[in-house]
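# my questions concern the predicted model and sequence given below.
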Amino acid sequence: MAIKYKKIKQTVKDKNGDEKAIYYARSCKRNIVSLDQIAERIAGYTTLSRGEVHGVLYALADTIPQYLLDNESVELGDLGILSLHLSSQSEEKEEDVTWRSIKELKVQFRASKRIKKQLKNASFKLVK
């Protein structure tokens, strides 16, 4: 199946302050796949029931934040690695950097080599 994308126009200023249009591709038309759908598909590949798979996935969703909050990265085998990343405002003095400087906490996912290899074969389709 092809990855659907659309063309996006953005106006930017060049070095002289003149506005010009630039265009880029953005993925679109993404559907959300539910945990139930994932459990159903995994159950079809294994000897586990949909309910058993569903229970394991819910337990995983409950367990991952506990490790992340303990400042651990979570390696999920051939899926990849989840880790916490934060962004903060800059301070003029080192001693002014405190927990109050932190503005955002994000979970970052780094796909495994196996997943990256599979994605290299992606095809694309323009959506109007």
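Here it is on my side, so go on. The structure presented is a predicted model; accordingly, all values stated were derived computationally and were not measured. Numbers count the residues shown, from 1 in each chain.
# so where does the residue positioned nearest the centre of the chain fall, helix or strand?
Centrality entry for the chain: nearest residue to the mean C-alpha point is Phe109, 5.5 Å, by CA atoms, centre = their mean. Counting by DSSP states H and E, the element that carries Phe109 is strand 102-111.
# longest helix of this structure?
helix 50-69 (DSSP state H).
# and the angle from that one to strand 102-111?
130 degrees (axes from the mean of the first three to the mean of the last three CA atoms, to 10 degrees).
# got a list of what Lys128 touches?
By CB atoms under 8 Å, 6 or more residues apart in numbering, the contact set of Lys128 is Lys6. Heads up, the C-betas are built off the backbone N, CA and C, glycines and all.
# err, Tyr24, not the other one
Here Tyr24 is in contact with Lys7, Ile8, Gln10 (CB under 8 Å, 6+ apart).
# do the same with Glu40
Contacts of Glu40 by CB under 8 Å, 6+ apart are Arg50.
# can you confirm it is in a strand?
No: counting by DSSP: H, G, I helix; E, B strand; the rest coil, Glu40 is not part of a strand but helix.
# so it versus Leu76, what's the distance?
20 Å (CB to CB, to the nearest Å).
# same thing with Leu35?
Taking CB to CB, one finds Leu35 at 15 Å from Leu76.
# could you break the chain into its assigned domains?
33-72, 73-90+101-122 (automatic domain parsing).
# thanks a lot, catch you later.
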